[in-house]
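Student: fold the following and give me the result.
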Amino acid sequence: MTHSYTIMPTIDATGKLLSPLFIVMQEISGDFGPLVKKDLFTAPNIYVTASRSGKMMKDHLKTWLEEVYFPHVGDRTVLVIDFWSTYKNQALLNNATPEGREVQVVTVSAKTTSLCQPLDVYGFRM
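Tutor: From the prediction side, this is the model:
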């Protein structure tokens with residue numbers, strides 16, 4: 001594989017895929033250049049950004065929380081995340097949580113994501 005990317009869907013408790021879908025693409029500089037930005041496909045149900053690795057980093061998590069997650073969920077939510085180190089930043093979560101909102105974080109145990117995370121079990125089977 002020559003390119004890497006992260007797809008971060010937001011799915012509610014009923015199984016409904018919430019919009020937009022968050023995608024982090026791999027770009028050598030960590031950002032899209034002017035030509036790519038000019039020609040990049042855009043859609044209202046997709047939020048695309050970039051990193052050097054294509055993996056979601058702390059600044060991407062902050063963006064996802066503020067631009068994708070909180071605008072589309074209720075005032076009291078449960079956020080189920082895997083054991084990826086970026087997601088374990090409690091200070092970032094606290095700072096991104098709007099006033100009056102409550103988030104309970106449930107972390108999938110290390111080394112079990114492929115067994116119990118719904119998208120790994122049913123969606124992204126490779």
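Student: got the contact list for the helix or strand encompassing residue 50?
Tutor: Taking DSSP states H and E as the definition, residue 50 sits inside strand 46-51. Here strand 46-51 makes contact (Cβ atoms under 8 Å, 6 or more residues apart in numbering) with 20-27, 30-32, 40, 42, 57, 60, 63-64, 67-68. The way it works is simple: take the backbone N, C-alpha and C, and place the C-beta from them, glycine included.
Student: I'd say residue 56 and residue 5 touch.
Tutor: No - taking contacts as Cβ atoms under 8 Å, residue 56 lies outside contact range of residue 5: 9.8 Å.
Student: related to what we said a few turns ago, so which of the contacts of strand 46-51 are in strands?
Tutor: 20-26 (DSSP state E).
Student: pull the most distant pair out of those residues.
Tutor: Set against one another by Cβ to Cβ, the ones in strands among the contacts of strand 46-51 have their most distant pair in 20 and 26, with a gap of 19.5 Å.
Student: who's more crowded, these two?
Tutor: residue 20 (19 against 16; other Cβ atoms under 10 Å).
Student: just give me how far the strand holding residue 50 sits from the chain centre.
Tutor: Centre-to-centre, strand 46-51 and its host chain are 10 Å apart (Cα atoms, centre = their mean, to the nearest Å).
Student: now do the buried residues in that strand.
Tutor: 47-51 (16 or more other Cβ atoms under 10 Å).
Student: now for this structure, the helix or strand with the poorest mean pLDDT.
Tutor: Here the helix or strand of the chain ranked lowest by mean pLDDT, DSSP states H and E is helix 118, holding a mean of 63.
Student: what about the strand or helix carrying residue 114, distance to the chain center?
Tutor: Taking DSSP H and E as the criterion, residue 114 maps to helix 113-116. Its chain's C-alpha centre and that of helix 113-116 lie 17 Å apart, by Cα atoms, centre = their mean.
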